[in-house]
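Q: Below are the sequence and a predicted model; questions follow.
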Amino acid sequence: MKRLLLKICLLSVVLWAGVVGAVESFTVSDIRVQGLQRISEGTIFNYMPIEIGDELDDARSGEIISTLYKTGFFKDIELLRDGDALIVKVLERPSIASISITGNSEISSEDLETGMENAGLTKGRILDVSLLDRIELDLQQQYVIRGFYAVEIETEVTPTGENQVDVTINIQEGEVALIRQVNIIGASAFDEDDLLDEFELGIPAFYSIFSSRDQYSKQKLAADIETLKSFYLDRGYINFNVVSTQVSITPEKKSVFITLNIDEGEQFTISSIELAGDLIVPEAELKGLIKVEPGDIFSRRKVNAISSAIGDRLGNEGYAFANVNAIPEIDAEGKQVSLIYFIDPGKRVYVRRINISGNEKTDDEVIRREFRQMEGAWLSTTKLNRSQVRVQRLGYLDQVTLETPLVPGISDQVDVNMSV
């Protein structure tokens with residue numbers, strides 16, 4: 001057997017173009033694979049971009065090696081020639097014998113193992129060093145999100161024999177970074193201290209010994225920014241905007257300083273409120289559900305509450321999937337907002353069947369007699385809620401939940417599923 005092409009190690013793939021010139025082309029009469037341990041020949045042949053009878057030349061040789069390397073199965077590939085037979089000699093990457101995690105307490109081992117499994121790092125898989133690097137970066141990011149800026153993560157790969165390795169992920173979490181100061185720049189309509197009282201993050205009171213309020217978390221900061229937006233939108237500042245968010249951390253990664261730059265905008269009032277669309281119930285009744293009047297300060301919370309109240313009222317008439325959209329028309333010059341509630345009731349929905357599950361000791365009849373929602377009748381939000389309350393009041397059922405899935409293929413029927 002004489003050497004045909006070349007031996008390309010992982011670091012020398014890029015040199016292929018420079019050494020391929022000496023290859024003598026020939027027609028392949030047979031293909032044999034050497035060096036396989038766990039991977040089957042069939043798997044290799046599925047990836048091979050050449051078949052018996054094909055002409056093998058410089059370009060095709062490079063394509064074979066490139067394709068096999070991309071599978072991630074091999075750390076060494078060599079192409080040889082035996083007469084007109086192509087010999088593919090491979091050295092498989094090691095497989096993972098075990099995975100262990102040490103030093104973690106903020107994130108449970110179970111959660112870490114699940115995340116790694118979803119990423120493709122599991123016992124028995126071929127070791128992919130690049131995947132280990134990505135997982136290490138992802139873990140680092142997860143800890144940073146939780147405020148552990150000083151976390152250190154190190155991955156160890158230990159050969160165990162039989163072309164297998166043990167993977168150990170060592171985590172030194174360090175301490176969570178503590179908030180030393182939070183500033184809101186641009187607030188004039190409200191006192192800064194009052195705004196900061198709305199935040200989950202901040203500086204705890206001196207008597208709050210066990211408070212975690214000063215433990216920085218990116219997720220908590222995002223929630224606090226949404227709280228701040230809601231605060232202003234519920235008080236008429238419809239153009240409120242957080243211009244920028246700056247989070248600074250000291251070199252030792254233990255102290256955090258937060259600065260929010262905001263633009264409050266102007267305060268708006270409500271100029272008019274109208275109903276449009278298919279109202280279903282008398283307009284006067286729906287208007288009785290509107291708890292704001294012209295001249296009131298605009299409040300997103302109150303606007304949404306009105307939409308919910310109208311939707312619930314339509315739900316009592318069987319229109320369980322009604323859409324009630326508040327459409328604002330803004331007069332920027334007059335600093336006013338006119339509201340139009342557009343109502344689309346959709347189809348009236350009927351109850352096909354009431355199903356009860358989880359009642360091992362209590363008879364169905366005992367539960368059904370508490371129902372005020374009946375099969376065959378249109379679905380009523382009030383009757384359904386009242387039924388749930390009455391069943392809960394029986395006293396010997398720990399938990400009562402209701403679901404109303406649509407009947408497959410039918411847009412105006414639901415089943416009521418009660419689990420106890």
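A: Structure received.

Q: Quick check, pLDDT for the residue of the chain most remote from its centre.
A: Centroid-distance maximum for the chain: residue 83 at 56.2 Å, with CA atoms, centre = their mean. Per-residue pLDDT puts residue 83 at 90.

Q: Could you verify my assumption that it touches residue 28?
A: No: look at residue 83 against residue 28 with CB atoms under 8 Å: they stay out of range, at 10.4 Å. To be clear about C-beta, it is placed using only N, CA and C from the backbone, and glycine gets the same treatment.

Q: Assign residue 195 to helix, strand or coil.
A: helix (DSSP: H, G, I helix; E, B strand; the rest coil).

Q: pretty sure it contacts residue 228?
A: Yes: here residue 195 reaches residue 228: they are 6.6 Å apart, a contact under CB under 8 Å.

Q: mind listing the helices for the stretch 1-150 of the chain?
A: 16-19, 41-47, 58-70, 109-119, 129-145 (DSSP state H, counting those that start in this stretch).

Q: Give me the buried stretch members for the second one, please.
A: The neighbour-count check on helix 41-47 (16 or more other CB atoms under 10 Å) flags residue 44 as buried.

Q: Could you report the distance from residue 143 to residue 342?
A: 47 Å (CB to CB, to the nearest Å).

Q: quick one: the residue nearest to residue 370 when sequence neighbours are not counted from residue 401, how far?
A: Nearest non-adjacent residue to residue 370, counting by CB to CB, 6 or more residues apart in numbering: residue 390, 4.0 Å away. Residue 390 is 15 Å from residue 401, where distance means CB to CB.

Q: okay, now the residue nearest to residue 370: neighbour count?
A: Using other CB atoms under 10 Å, residue 390 has 15 neighbouring residues.

Q: quick one: secondary structure of it?
A: Quick answer, by three-state DSSP: residue 390 is helix.

Q: How about the contacts made by it?
A: When contacts are counted by CB atoms under 8 Å, 6 or more residues apart in numbering, residue 390 is found next to 370-372.

Q: the more surrounded of residue 143 and residue 342?
A: More crowded of residue 143 and residue 342, by other CB under 10 Å: residue 143, with 22 against 14.

Q: ok, the more buried one - contacts?
A: Contacts of residue 143 by CB under 8 Å, 6+ apart are 106-107, 151, 153, 173.

Q: Next one: it, what pLDDT does it get?
A: 90.

Q: again with the one 10 residues further on
A: Reading off the per-residue confidence, residue 153 sits at a pLDDT of 93.

Q: what does residue 252 give?
A: 87.

Q: That one - how many residues pack around it?
A: Burial of residue 252 is recorded as 9 neighbouring residues (other CB under 10 Å).

Q: Nearest residue to it in space, please, no chain neighbours.
A: Closest to residue 252 by CB to CB, 6+ apart is residue 150, at 7.7 Å.

Q: residues touching the one you found, list them.
A: So residue 150 contacts 174-175, 177, 252-254 (CB under 8 Å, 6+ apart).

Q: I'd like these as a markdown table, with secondary structure and distance to residue 300 appended.
A: Formatted as a markdown table, the contacts of residue 150 follow (DSSP: H, G, I helix; E, B strand; the rest coil; distance: CB to CB, whole Å):
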| residue | secondary structure | distance to residue 300 |
| --- | --- | --- |
| 174 | coil | 40 |
| 175 | coil | 39 |
| 177 | coil | 33 |
| 252 | coil | 42 |
| 253 | coil | 38 |
| 254 | coil | 38 |
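
Q: Among these, which one has the most neighbours?
A: residue 177 (24 neighbours).

Q: residues touching that residue, list them.
A: 147-150, 215-216, 249, 253-256.

Q: circling back: report the set of residues contacting both of residue 195 and residue 228.
A: residue 184.

Q: Just among the contacts of residue 390, which is most surrounded?
A: Scoring the contacts of residue 390 on neighbours with other CB under 10 Å, the highest-scoring entry is residue 371 at 19 neighbours.

Q: On the pLDDT front, check that residue for me.
A: pLDDT, residue 371: 94.

Q: That one: what secondary structure?
A: coil.

Q: Contact partners for it?
A: Neighbour list for residue 371: 354, 387, 390-391 [criterion: CB under 8 Å, 6+ apart].

Q: what's the most distant pair in those?
A: Maximum pairwise distance among these (CB to CB): 13.5 Å, between 354 and 390.

Q: For residue 74, which non-adjacent residue is closest in space?
A: residue 90 (4.8 Å).

Q: in the sheet, who's paired with residue 55?
A: residue 27 (DSSP bridges).

Q: Could you double-check that it lies in contact with residue 24?
A: No: under the criterion of CB under 8 Å, residue 55 makes no contact with residue 24, lying 11.5 Å away.

Q: one step back: taking the contacts of residue 177 one by one, which sit in strands?
A: 249, 255-256 (DSSP state E).

Q: show me where the stretch 151-300 of the chain has helices.
A: 192-196, 218-233, 283-287, 300-315.

Q: among these, which is nearest residue 79?
A: Between the helices of the stretch 151-300 of the chain, helix 218-233 lies closest to residue 79; by CB to CB that is 50.1 Å.

Q: got a list of what residue 144 touches?
A: With contact taken as CB under 8 Å, 6+ apart, residue 144 is in contact with 151, 218.

Q: And it, how far from residue 245?
A: Residue 144 is 15 Å from residue 245, by CB to CB.

Q: Check residue 358 too.
A: 46 Å.

Q: Make TSV out of the contacts of residue 150 and add distance to residue 377.
A: Putting the contacts of residue 150 into TSV (distance: CB to CB, whole Å) gives the following:
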residue	distance to residue 377
174	61
175	60
177	58
252	67
253	63
254	63
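
Q: Below-threshold pLDDT in the stretch 301-420 of the chain: ranges please.
A: Along the stretch 301-420 of the chain, no part satisfies pLDDT under 70.

Q: please redo it, this time with the cut-off set to 80
A: 396-398 (pLDDT under 80).

Q: before we move on, the earlier item: which member of the contacts of residue 143 is positioned nearest residue 232?
A: Distances from residue 232 to the contacts of residue 143, taken by CB to CB, are shortest for residue 106, at 33.4 Å.

Q: follow-up on the earlier one: which residues pair with the residue nearest to residue 74 across the strands?
A: Beta-bridge partners, per DSSP bridges, of residue 90: residue 77.
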